[in-house]
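Chemist: Pasting the sequence and the predicted coordinates here, then a few questions.
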Protein chains: 2
Amino acid sequence: MLSAIFLGKETQTVARPANSQSNSTEVPEVVITRLPQYIRVLNSLLDAGVDVISSQQLGEQLQVTPAQIRKDLSYLGRFGKQGRGYNVSYLATELKQILGLNRRWNVCLVGVGRLGRAILSYPGFVPEGFEIVAAFETDAAIVGQTISGLRIQPIEELDRTVTRQNISIGIIAVPSAVAQKVVRRLTECGIKAILNYAPVYPQVPPQVKVRNVDPVLSLQSMTYYLVN
Amino acid sequence: MLSAIFLGKETQTVARPANSQSNSTEVPEVVITRLPQYIRVLNSLLDAGVDVISSQQLGEQLQVTPAQIRKDLSYLGRFGKQGRGYNVSYLATELKQILGLNRRWNVCLVGVGRLGRAILSYPGFVPEGFEIVAAFETDAAIVGQTISGLRIQPIEELDRTVTRQNISIGIIAVPSAVAQKVVRRLTECGIKAILNYAPVYPQVPPQVKVRNVDPVLSLQSMTYYLVN
DNA sequence: GCTTGTGAAGACCTTCACAGCA
DNA sequence: TGCTGTGAAGGTCTTCACAAGC
């Protein structure tokens, strides 16, 4: 019986602000975080056979103001037609291109405990173009096992495998106590994007992006509204 | 082999803005989402035997400016002493009180597929005071089974169980297609806080809080920075 | 001297409102 | 007429900077 999960603060997780040095021409990070949501809705509209949609209609589906959608898109180009709206297929294609979602990404997992195994068997990544092609552990009892079709490697092979398999993204599922150390190892391999399931916010060099998946934090911030 | 996961957009997180009608005296939602992080660091400081900490030092641990910490706390009260800083134990206690974390919360899970089972066996909730005390399914093949010590109930029993077991929080782990329907059922039972693992942003009445756990969105927003 | 708490300033993000165009 | 794209306005959040107090 295998399984898999995750979270988003935004949610959160939210993710940290992290607007390092913002050239006036830079796209705000919050805009970037909304684009995948736009794409998701556009995909479902495509499936429903919708050809054209206005910012008004799109906004209703996304629970966002039409002005926000138009403004967001205006940072990236001019995709609509006055008097008509946006061609669903064209807009989806353009946004995927901009986000780099028109290709596959190789991902590695560090930490193959209970949580790591759930991530390995989570079926939501591959259809979106994210494939976990390597998994690492320190526990000698786990190294060498084959889990979800993947041979678990010792952490020492990280550097070599990341290079050889052209891995750009790391997923961390190790205990809090070692998360920071793992983050450093990943960044030293040249990894620039990390999805962190450990309940700590690790420090990274400014050019590295981290997104934290932390359902406990999400619960803990909601209870405020239950008692107030 | 069971397992468990989650995410944080929020990141994350992130979560939707959702500043409905803000009295000038209301605590900003983004402040509320930071408090659990503060508490986490304070707890680890307590374990380390630290008695007093300044906003400067706390800020270093959290990667946040000292001014932000002081400002955040000032929305909630006056917890520090000039010239000294904050008493770690006192501040942690006060913040937990404010967030309603000085008590246990009963939680129900809807959806006991692969993902739901991972959530059921996730060991991170109970130590923080969140206990999944009921689980619901529509699939007749799963209803009646006992998983992680919990008898899986038919969805029809939701209302009665929520009332009887005093459940305040719902976790959703159903397919996207039915997530909105489940959200409505939960809100009709009086549930005011929902942790949503389905890859859709459901609509809720304004007094209901939702946090979305969505690692795919997190990955999809990071790739932008890998290609740009 | 050192650090908090907080008005004020500044940065950032969202919304408005309309010119421009189909 | 209908809708986009966008400067400008408005609002929210963050940072500054300093008075107050230990």
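Modeler: That came through, no problem. Residues are numbered from 1 along each chain as shown, chains lettered A, B, ... in the order given.
Chemist: Near DNA strand D, which residues of chain A are found?
Modeler: Residues of chain A that fall close to DNA strand D, judged by CB under 7 Å from any atom of the strand: A:17, A:54-56, A:66-67, A:70-71, A:73-74, A:78-86. To be clear about C-beta, it is placed using only N, CA and C from the backbone, and glycine gets the same treatment.
Chemist: where along chain A do the strands fall?
Modeler: The residue ranges that make up the strands of chain A, judged by DSSP state E, are A:7-13, A:52-53, A:80-81, A:85-87, A:105-110, A:130-137, A:146-147, A:150-154, A:169-172, A:193-196, A:209-212.
Chemist: Tell me which of the ones you listed sits most buried.
Modeler: Across the strands of chain A, the average number of neighbours (mean count of other CB atoms under 10 Å in any protein chain shown) peaks for strand A:7-13, which reaches a mean of 35.
Chemist: Might you list the low-confidence residue ranges for chain A?
Modeler: Along chain A, the model assigns pLDDT under 70 to residues A:1-24.
Chemist: Flag every buried residue along stretch A:109-116.
Modeler: By neighbour count, and taking 16 or more other CB atoms under 10 Å in any protein chain shown as the criterion, the buried residues in stretch A:109-116 are A:109, A:110, A:111, A:112, A:114, A:115, A:116.
Chemist: Might one say that residue A:55 is in contact with residue A:85?
Modeler: Yes. With contacts counted by CB atoms under 8 Å, residue A:55 reaches residue A:85, the gap being 7.1 Å.
Chemist: rewinding a little: relative to residue B:148, which of the strands of chain A is closest?
Modeler: Closest approach to residue B:148 among those is made by strand A:7-13 (19.1 Å; CB to CB).
Chemist: Which positions in the biggest helix by length in chain A come out as buried?
Modeler: Assignment by DSSP state H gives helix A:29-47 as the longest helix of chain A. Of the residues in helix A:29-47, A:29, A:31-42, A:45 count as buried by neighbour count, 16+ other CB under 10 Å.
Chemist: In a markdown table: the residues you listed, plus distance to residue A:161.
Modeler: Conversion of those to a markdown table gives the following (distance: CB to CB, whole Å):
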| residue | distance to residue A:161 |
| --- | --- |
| A:29 | 30 |
| A:31 | 34 |
| A:32 | 29 |
| A:33 | 29 |
| A:34 | 34 |
| A:35 | 30 |
| A:36 | 27 |
| A:37 | 32 |
| A:38 | 34 |
| A:39 | 30 |
| A:40 | 31 |
| A:41 | 36 |
| A:42 | 35 |
| A:45 | 39 |
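Chemist: Of these, which are in range of DNA strand C?
Modeler: Residues of the buried residues of helix A:29-47 in contact with DNA strand C (CB under 7 Å from any atom of the strand): A:29, A:31.
Chemist: any idea where the helices of chain A begin and end?
Modeler: Using DSSP H, the helices found in chain A span residues A:29-47, A:55-62, A:66-74, A:88-99, A:114-120, A:158-164, A:176-188, A:215-227.
Chemist: Specify the angle between the fourth one and helix B:215-227 in degrees.
Modeler: Counting by axes from the mean of the first three to the mean of the last three CA atoms, to 10 degrees, helix A:88-99 points 60 degrees away from the direction of helix B:215-227.
Chemist: quick one: helix A:88-99 near DNA strand C?
Modeler: No. Where contact is defined by CB under 7 Å from any atom of the strand, no part of helix A:88-99 touches DNA strand C; the two come within 14.4 Å at best.
Chemist: quick check, that helix touching chain B?
Modeler: Yes. Contact between helix A:88-99 and chain B is present through A:98, A:99 (criterion: CB under 8 Å from any CB of the partner chain).
Chemist: by contact count, what packs against that helix?
Modeler: helix A:29-47, helix B:215-227 (3 or more CB pairs under 8 Å, 6 or more residues apart in numbering or on different chains; DSSP states H and E).
Chemist: try it again with 10 Å
Modeler: With contacts defined as 3 or more CB pairs under 10 Å, 6 or more residues apart in numbering or on different chains; DSSP states H and E, helix A:88-99 has these neighbours: helix A:29-47, strand A:52-53, helix A:66-74, strand A:80-81, strand A:85-87, helix B:215-227.
Chemist: Buried residues, that helix. List them.
Modeler: A:88, A:91, A:92, A:93, A:94, A:95, A:96, A:98, A:99.
Chemist: next one: the third one
Modeler: Neighbour-count burial for helix A:66-74, counted by 16+ other CB under 10 Å, picks out A:69, A:70, A:72, A:73.
Chemist: What of the second one?
Modeler: Using 16+ other CB under 10 Å as the test for burial, helix A:55-62 gives A:55, A:57, A:58, A:59, A:61, A:62.
Chemist: And for the last one?
Modeler: Counting neighbours by 16+ other CB under 10 Å, one finds that the buried residues in helix A:215-227 are A:215, A:216, A:217, A:218, A:219, A:220, A:221, A:222, A:223, A:224, A:225.
Chemist: and it, anywhere near chain B?
Modeler: Yes. Counting by CB under 10 Å from any CB of the partner chain, contacts between helix A:215-227 and chain B involve A:215-227.
Chemist: before we move on, what about the longest one?
Modeler: Yes. On the criterion CB under 10 Å from any CB, helix A:29-47 is in touch with chain B at A:29-37, A:39-41, A:44.
Chemist: nearest to DNA strand D, of those residues?
Modeler: Of all the residues of helix A:29-47 next to chain B, residue A:30 has the smallest distance to DNA strand D: 10.7 Å, by CB to the nearest atom of the strand.
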